[in-house]
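Enquirer: Could you look at this predicted model? Sequence included:
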Amino acid sequence: MKALVALILLVQLPIHKAVPAAAPAPLGCDDPESEAAADVAVSYINGQSHHGYKFALNRIENIRVIPQGLNNDIIFLELDLLETSCHILNPTPLVNCSVRSFTEHAVEGDCDVKLQKVDGVFSVLASKCNSHADSSEDIIQLCPDCPLLASLNNTEVLTTVTAALNAYNSKTAGAYLRLLEVGRAKIQYEPVHNVIVEFAVAATNCSAEEAKDNVEACQLLPDDQSNFGFCTATMVTRPSQDLRADCKLYGHQVPTPDPGVTYSQAGQGTSAGLAPSVVQGFTNHNLRFSHNNPVASESSSSEFPASVLSAKSVAKRAVAEAAQHDKVPRPVGFLPPPPPCPGKIRHFKI
């Protein structure tokens, strides 16, 4: 009898059905994990670039995460970057490189980056970048007398670079320097005529004194002794003529990859991938490159989905959909709209 009563009581006990775990909330553009992924992406982009200047993060435009398994995600990022004052050869850490101000004629970079995160470690699988200078009209509207970016092969620019490098080599007691590339140039026409240039240089195996006798024999130092530098110069041609030039050598640098970041450094020759020439007809070194990491472990296609490449339209649509969701009752278990994208602007918007 006792057994029968126990069985009846057991049957009457409420049955609790297992509730499925809620899906993780989607990442927002300003979430810590999004920012960590963006930091890795920017380090990778600067590490792959061999011309022009380092770029800093300005805004995360969009992020998409595709789970691949336990502790394994594929992440697509769209990033807005801004050019800094540090040349790509400058060993100064990016965090200490200042972003060029709007009135300095800023240059913006747009990048799509594909990463994989396995057990908390990010690896960059692929990237596509492009960059462009702000329009001259925008600068003039805010600062009518500010100098504007000039073509890197402009005659006045090349004349100033040549004069500045010759002036430095004629006065230094150190190594004879050769031009690697013209990095940036601006010309101001009023109230004075100024030509302002920045250019990368490298030390040769000759002293400046030795170069006077046979400059053609002066060669760039080998990789294990390479010494790169950076020069700035201003030439005033009106109302009076004046030339001011300054060069700084960085000393031999041993590459030190960032911890927690996986990427392969492209082979750098003696000139660090730079050619002693100028860019024809352009005002800035374009960050244009498309790169697939040859050491990436992820085997699927490195193509960027259309939803990532059109992040701005996706963001606008998400805002509209969120507004619609607020007008209708939400069923039980309905996920709220994703956190806002694009993210915050860290510097200024071009």
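Expert: Looks like it arrived, so ask away.

Enquirer: Apart from its chain neighbours, what residue comes closest to Ala167?
Expert: Spatial nearest neighbour of Ala167, excluding adjacent residues (Cβ to Cβ, 6 or more residues apart in numbering): Ala245 at 5.2 Å. C-beta here means a position set from N, CA and C on the backbone, and glycine is covered the same way.

Enquirer: so is the one you found in a helix, a strand, or just coil?
Expert: Ala245 falls in the strand class when you classify it by DSSP: H, G, I helix; E, B strand; the rest coil.

Enquirer: That one contacts Ala164, correct?
Expert: Yes: between Ala245 and Ala164 a contact is recorded at 3.7 Å, counting by Cβ atoms under 8 Å.

Enquirer: and for these two, which residues touch both?
Expert: Common neighbours of Ala245 and Ala164 (criterion: Cβ atoms under 8 Å, 6 or more residues apart in numbering): 231, 233.

Enquirer: Okay, now the unreliable bits of the stretch 251-350 of the chain?
Expert: 254-281, 288-291, 293-339 (pLDDT under 70).

Enquirer: ugh, wrong one, the stretch 1-150 of the chain
Expert: Where the stretch 1-150 of the chain drops into low confidence, which here means pLDDT under 70, it does so at 1-25.

Enquirer: Show me where it has its helices.
Expert: Secondary structure of the stretch 1-150 of the chain (DSSP state H, counting those that start in this stretch): helices located at 2-12, 32-48, 136-142.

Enquirer: bridging residues for the spatially closest residue to Ile75 that is not a sequence neighbour?
Expert: Spatially, and ignoring its direct neighbours in sequence, Ile75 is nearest to Leu115 (4.5 Å; Cβ to Cβ, 6+ apart). Beta-bridge partners of Leu115, counted by DSSP bridges, are Ile75, Val124.

Enquirer: how about Leu115, what does it touch?
Expert: By Cβ under 8 Å, 6+ apart, the contact list for Leu115 reads 37, 40-41, 74-77, 122-125.

Enquirer: Can you tell me how far Val236 is from Phe199?
Expert: When Cβ to Cβ, to the nearest Å is the yardstick, Val236 and Phe199 sit 18 Å from each other.

Enquirer: ugh, wrong one, I meant Lys349
Expert: Counting by Cβ to Cβ, the separation of Lys349 from Phe199 is 29 Å.

Enquirer: Same drill for those two, tell me which one is more crowded.
Expert: Remark: of Lys349 and Phe199, Phe199 carries more neighbours, 25 against 10, as counted by other Cβ atoms under 10 Å.

Enquirer: unless I'm mixing things up, that one is touching Phe228, no?
Expert: No: Phe199 sits out of contact with Phe228 when judged by Cβ under 8 Å, with a separation of 11.5 Å.

Enquirer: tell me, what's touching these two both at once?
Expert: Residues touching both Phe199 and Phe228 (Cβ under 8 Å, 6+ apart): Leu180.

Enquirer: So for the closest residue to His193 other than its chain neighbours, what's the pLDDT?
Expert: The shortest distance from His193 to any residue other than its chain neighbours is 3.9 Å, reached at Arg238 (Cβ to Cβ, 6+ apart). As summarised for this prediction, Arg238 has a pLDDT of 82.

Enquirer: distance of Arg238 from Leu149?
Expert: Counting by Cβ to Cβ, the separation of Arg238 from Leu149 is 20 Å.

Enquirer: Likewise for Ala163?
Expert: For Ala163, the distance to Leu149 equals 20 Å [Cβ to Cβ].

Enquirer: Comparing the two, which shows the higher neighbour count?
Expert: With other Cβ under 10 Å as the criterion, Ala163 and Leu149 differ in neighbour count, and Leu149 comes out ahead with 20 against 16.

Enquirer: Phe348 is in contact with Asp134, correct?
Expert: No: under the criterion of Cβ under 8 Å, Asp134 is not in contact with Phe348, lying 10.0 Å apart.

Enquirer: Can you work out which residues contact both of those two?
Expert: When contacts are counted by Cβ under 8 Å, 6+ apart, Asp134 and Phe348 are jointly contacted by 102, 106.
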